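S.K.: Give me the fold of what follows.
(one chain, ligands or ions: 1)
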Amino acid sequence: MVHSEQSSRTFYANEPVLSISGLSYCYPDRHSVLKYINLKVWSGERVGVIGPNGAGKTTFFLLSCGVLKPTAGEIRLFGKPVVPGEFRPEVGMVFQNPNDQLFCPSVKDDIAFGPRNLGQSNEEVDARVREALSVTGILKLGDRPPHHLSGGEKRLAAIAGVLAMHPRLVIYDEPTSGLDMRYRRRLIRFLQASSQEAMLIASHDLEFILEVCDRVVLMDGGYIIADGNPRDILGNVRLMEAHGLERPHSLVPHAEPHHK
Ligand SMILES: Nc1ncnc2c1ncn2[C@@H]1O[C@H](COP(=O)(O)OP(=O)(O)OP(=O)(O)O)[C@@H](O)[C@H]1O
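M.R.: Below you'll find the model as predicted:
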């Protein structure tokens, strides 16, 4: 495995946010999709998870938040084992398709749904809804029906719904898919400014990963192939090409000679 200790930020924490050891998973109709994964995510880290189609990224996320049950191995969130099916408000997942997450008559109701189910008071629920609308920059959308929103607006509404739960780990699956340049840029700024929670972000948009993440994990064939500094991993042409990926354009040296 390629490993780089270098990171653009320093983290201070005794206990990992997420600790995964010996994690393996097989879908009922398939041989193994994840093979003995070990990983620790620390407080405040923004970890990009990259890899070709079918590498196992989404499966890994569904296991991390207790939607799927590991075939082998252990997952701990803040030191406590993840029990499949058990609700853990410390972790929130933003699904690839926001339609999977939005189901209430208004955006505000959707955002309120989680905190209300946590048993928060009406005042606290209202405060969290306002805060989530504000940090995601969608205050004007609060009263709109989610199914009338554009794809980009829906994505921000789905993120707001997750943030209203005050999670300490947020998992984003392909957050830029379907976003135009303006919404993509808004999302980048928002994620760069988010320092409270740790993040796991799967994306094929490698320029986005470079802008947002301070650590990258490269997965392929159910294995973690590399784990380290985003520029070291994404700039490693041989490594990237060996796993069906391309070095992002912004990491191509300007002085590189043209091939004839
Ligand atoms: N419900 C399922 N039942 C059986 N096999 C599945 C199921 N979901 C995913 N798989 C298989 O597991 C493997 C990993 O899929 P997964 O969605 O985790 O990959 P991924 O890295 O997220 O891919 P992508 O980048 O295309 O989203 C793939 O071969 C996929 O076909």
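
S.K.: Ends of stretch 69-88, what's the gap?
M.R.: 15 Å (Cα to Cα, to the nearest Å).

S.K.: got the contact list for Ala127?
M.R.: Listed by Cβ atoms under 8 Å, 6 or more residues apart in numbering, the contact set of Ala127 is empty. In short, each C-beta sits where N, CA and C put it, glycine included.

S.K.: Tell me where this structure has helices.
M.R.: For the chain, the helices defined by DSSP state H cover 57-64, 107-117, 122-135, 151-163, 181-193, 206-212, 230-234, 237-242.

S.K.: For those helices, give me TSV that also has mean pLDDT.
M.R.: Shown next, in TSV, are those (pLDDT from 0 to 100):
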stretch	mean pLDDT
helix 57-64	95
helix 107-117	94
helix 122-135	94
helix 151-163	92
helix 181-193	89
helix 206-212	97
helix 230-234	97
helix 237-242	97
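
S.K.: and of these, who's closest to the ligand?
M.R.: Proximity to the ligand (Cβ to the nearest ligand atom) singles out helix 57-64 among the helices of the chain, at 3.4 Å.

S.K.: now the closest one, how far from the centre of its chain.
M.R.: 10 Å (Cα atoms, centre = their mean, to the nearest Å).

S.K.: same thing with stretch 62-74?
M.R.: Per Cα atoms, centre = their mean, the centroid offset for stretch 62-74 relative to its chain is 16 Å.

S.K.: buried sites along that stretch?
M.R.: 62-66, 68, 70, 73 (16 or more other Cβ atoms under 10 Å).

S.K.: Same check on stretch 77-95?
M.R.: 77, 82, 88, 90-95.

S.K.: what does stretch 91-109 give?
M.R.: Buried-residue list, stretch 91-109, by 16+ other Cβ under 10 Å: 91-96, 98, 101-102, 107-109.

S.K.: And the furthest pair within the buried residues of stretch 62-74?
M.R.: Cys65 and Gly73 (15.3 Å; Cβ to Cβ).

S.K.: What are the phi and psi values at the closest residue to Phe208 other than its chain neighbours?
M.R.: Nearest residue to Phe208 in three dimensions, chain neighbours excluded: Thr176, at 5.1 Å (Cβ to Cβ, 6 or more residues apart in numbering). Backbone torsions of Thr176, given as degrees, to the nearest 10, read phi -90, psi 0.

S.K.: Thr176 against Arg184, yeah?
M.R.: Yes - Thr176 lies in contact with Arg184 (Cβ atoms under 8 Å); the separation is 5.1 Å.

S.K.: so Ile188 sits right up against Leu210, yeah?
M.R.: No - Ile188 lies out of contact with Leu210 (Cβ under 8 Å); the separation is 10.1 Å.

S.K.: circling back to that earlier point, could you dump the buried residues of stretch 62-74 into TSV and include distance to the ligand?
M.R.: Shown next, in TSV, are the buried residues of stretch 62-74 (distance: Cβ to the nearest ligand atom, whole Å):
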residue	distance to the ligand
Leu62	8
Leu63	10
Ser64	12
Cys65	13
Gly66	16
Leu68	9
Pro70	14
Gly73	16
